[in-house]
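Colleague: Here is a sequence together with a model predicted from it:
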Amino acid sequence: EDQVTQSPEALRLQEGESSSLNCSYTVSGLRGLFWYRQDPGKGPEFLFTLYSAGEEKEKERLKATLTKKESFLHITAPKPEDSATYLCAVITSSNTGKLIFGQGTTLQVKP
Amino acid sequence: GAVVSQHPSWVICKSGTSVKIECRSLDFQATTMFWYRQFPKQSLMLMATSNEGSKATYEQGVEKDKFLINHASLTLSTLTVTSAHPEDSSFYICSARTGASQETQYFGPGTRLLVL
């Protein structure tokens, strides 16, 4: 069964304290891995799509990387406005374009 | 680009009434749209996949007759919750893909439904 697991569930950082969020997956043929940011009471906001191991993408203080078993979302020198829930999702070769989501990591950045 | 809107953002209704939620792709044509449901502190749960001009495909356990989905055009999909009950209260979110070969889904802002 295809599965996506995110860790930690919650993360508290001081402003400027860099860290990484993990998304590990067990799937039958990865077609794509996606990172989203979700603020309370809002829909997910697209961040990155990664397709193959070794791929990296960056956007401001965020950098996403992908290996054959997991993805990391690195947050460099975070600011309070980076506080949100970060969702990881995958599409596999067997699930016809449906996103399989992890449970998310809730990040709180304190000033 | 790739903006998806939903209307209404909030709806409160009485038990037994029907509620329609609209999902629109504002700057692209979406051949496929998806409807999700999210409970507090939980991740998104896919309810159904909607393809323009054809019947929606529902996930296991989702009642087709309760959650009616219509994808009448390339920019509009609607979800109607029929005979709503308090247990249908939830956060409903739609998403859309920009093209058949594009895997990335862009999400709407969500609709909060409260059934009294």
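Modeller: Yep, it's here. Numbers count the residues shown, from 1 in each chain, chains lettered A, B, ... in the order given.

Colleague: Only C-alpha atoms from now on, for both contacts and neighbour counts.
Modeller: Will do.

Colleague: Could you find the closest non-adjacent residue to the residue of chain A found nearest chain B?
Modeller: Using C-alpha to the nearest C-alpha, the single residue of chain A nearest to chain B is residue A:43, 4.3 Å away. Counting by C-alpha to C-alpha, 6 or more residues apart in numbering or on different chains, residue B:109 is the residue found nearest to residue A:43 once chain neighbours are left out, at 4.3 Å.

Colleague: what's the answer for residue A:67, then?
Modeller: Leaving aside its sequence neighbours, residue A:67 sits nearest to residue A:53 (C-alpha to C-alpha, 6+ apart; 4.4 Å).

Colleague: how close does residue A:54 get to residue A:70?
Modeller: Per C-alpha to C-alpha, to the nearest Å, residue A:54 is found 11 Å from residue A:70.

Colleague: Neighbour count: the two, which is higher?
Modeller: The neighbour comparison of residue A:54 against residue A:70 (other C-alpha atoms under 10 Å in any protein chain shown) goes to residue A:70, with 17 against 11.

Colleague: I'd like to know how far residue A:1 sits from residue A:72.
Modeller: Counting by C-alpha to C-alpha, the separation of residue A:1 from residue A:72 is 22 Å.

Colleague: between those two, who's got more neighbours?
Modeller: Neighbours were counted for residue A:1 and for residue A:72 using other C-alpha under 10 Å; residue A:72 has more, 21 against 5.

Colleague: Do you know the pLDDT at the more buried one?
Modeller: On pLDDT, residue A:72 comes in at 98.

Colleague: That one against residue A:33, yeah?
Modeller: No: with contact defined as C-alpha atoms under 8 Å, residue A:72 does not reach residue A:33; the gap is 10.8 Å.

Colleague: quick one: low-confidence parts of chain B?
Modeller: B:1, B:100-101 (pLDDT under 70).

Colleague: center of it - which residue?
Modeller: Nearest to the mean C-alpha position of chain B, by C-alpha atoms, centre = their mean, lies residue B:35 at 3.6 Å.

Colleague: Make sure that one is actually in contact with residue B:95.
Modeller: Yes: counting by C-alpha under 8 Å, residue B:95 is a contact partner of residue B:35 at 6.5 Å.

Colleague: count of residues packed around the residue found closest to residue A:68 once you drop the neighbours it is linked to in the chain?
Modeller: Among residues not flanking residue A:68 along the chain, residue A:53 sits closest, at 5.5 Å (C-alpha to C-alpha, 6+ apart). Residues near residue A:53, counting by other C-alpha under 10 Å, number 13.
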